[in-house]
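Visitor: Just to be clear, the model below is a prediction. Sequence and coordinates:
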Amino acid sequence: MFTLILIQFAVVTLHASLWFLVALRLRRNDVADVAWGSGFILLALVGQLFATATSIRGWIVTSLVIAWGLRLSIHIGLRNRGKPEDPRYRMWREEWGRYATVRAFFQVFLLQGWMIVVILLPATYVLSHPNVAFGWLDAIGVAVWLIGFGFEAIGDLQLVRFKQDSGNRGKLITSGLWKFTRHPNYFGEVTLWWGVWLIACSLAGGWETVPGPATITWLILFVSGIPLLENKYKGDRAFEEYKRRTSAFFPLPPKR
């Protein structure tokens with residue numbers, strides 16, 4: 001498994017470098033969000049190619065990763081098409097000043113690429129072990145993944161349709177899944193990676209790959225997910241009211 005991880009680090013470094021060149025060409029660093037999903041697909045396929053032992057469980061996990069990464073990359077690509085650079089990346093560009101290009105390469109593209117290797121640890125672990133009979137943890141893991149994928153996909157779709165209605169311009173979405181959590185898509189993304197981890201737990205020692213789902217949970221809850229997104233709404237009256245009655249992450253009934 002260690003050799004496979006080293007190969008993944010090398011491949012994702014090249015992947016990140018190529019996307020950085022695309023960002024320079026387009027003069028927008030938010031292409032890193034498209035590179036995020038495609039990076040997982042690439043490393044999952046690399047894992048299959050260099051796996052010491054192929055298994056049905058390995059192909060199932062690879063299929064789950066590809067399905068998630070493909071949907072996310074297409075969604076973000078369509079969302080950003082024809083629009084200016086994402087405000088988060090524009091803010092960083094302004095804050096970094098003369099070091100914006102260097103920091104974008106290391107902090108936005110390269111670091112993000114290396115994070116993919118860590119988050120993918122449960123899937124890599126599965127790909128590095130021979131087939132073992134399916135058990136209850138496999139079933140629970142797939143079910144948890146499906147719940148997470150559903151939350152992310154449905155949440156994104158509801159947001160897209162809400163924004164397409166011109167009557168909602170300047171408004172916050174507070175219906176559908178967004179009634180129960182301010183970030184159904186983030187909740188879904190975290191949940192599905194814990195599902196992959198549960199599948200890895202079907203194998204002896206698989207629980208040790210917990211840094212994978214723990215990393216994506218930490219990133220979304222405390223670093224580049226919820227904090228960055230909600231920061232731009234700080235002080236907005238409508239958002240503060242929505243925030244008061246709606247759970248930040250876990251889906252819960254809204255407060256009265």
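Guide: Noted; the coordinates are in hand. Here the structure is a predicted model, which means the values were calculated and not measured. Numbering: from 1, shown residues only.
Visitor: show me what contacts the most centrally placed residue in the chain?
Guide: Centroid-nearest residue in the chain: residue 189, 5.6 Å away (criterion: C-alpha atoms, centre = their mean). By C-beta atoms under 8 Å, 6 or more residues apart in numbering, residue 189 lies in contact with 148, 152, 216, 220. Just so you know, the C-beta spots here come from the backbone N, C-alpha and C atoms, and that holds for glycine as well.
Visitor: Apply 10 Å and report the result again.
Guide: Applying C-beta atoms under 10 Å, 6 or more residues apart in numbering to residue 189 gives the contacts 68, 72, 148-149, 151-152, 155, 183, 216-217, 219-220, 225.
Visitor: try residue 107
Guide: 29, 32, 92, 96, 99.
Visitor: ok, residue 132 touching residue 57?
Guide: Yes - Residue 132 lies in contact with residue 57 (C-beta atoms under 10 Å); the separation is 7.3 Å.
Visitor: which stretches of this protein form helices?
Guide: When assigned using DSSP state H, the helices of the chain occupy the ranges 2-26, 32-50, 56-80, 87-96, 100-103, 111-119, 121-127, 136-164, 184-200, 211-218, 226-231, 237-245.
Visitor: Starting from residue 188, give me the distance back to the nearest residue to residue 117 once chain neighbours are set aside.
Guide: Nearest residue to residue 117, sequence neighbours excluded (C-beta to C-beta, 6 or more residues apart in numbering): residue 8, at 4.9 Å. Distance, residue 8 to residue 188, by C-beta to C-beta, to the nearest Å: 24 Å.
Visitor: What is the neighbour count of residue 75?
Guide: 20 (other C-beta atoms under 10 Å).
Visitor: Okay, it and residue 9: tell me how far apart.
Guide: Using C-beta to C-beta, which is the criterion applied here, residue 75 is 27 Å from residue 9.
Visitor: Can you give the domain ranges for this structure?
Guide: The record assigns the chain these domain ranges, following automatic domain parsing: 1-131, 133-256.
Visitor: Relative to the whole chain's centre, how far out is the last one?
Guide: If I follow you right, that is domain 133-256. Put simply, domain 133-256 sits 10 Å off its chain's centre (C-alpha atoms, centre = their mean, to the nearest Å).
Visitor: Now do that domain, average pLDDT.
Guide: What domain 133-256 shows for mean pLDDT is 94.
Visitor: count of residues packed around residue 150?
Guide: By the measure other C-beta under 10 Å, the count of residues near residue 150 is 15.
Visitor: likewise the one 5 residues further on?
Guide: When neighbours are defined as other C-beta under 10 Å, residue 155 has 22 of them.
Visitor: Right, I'll leave it there.
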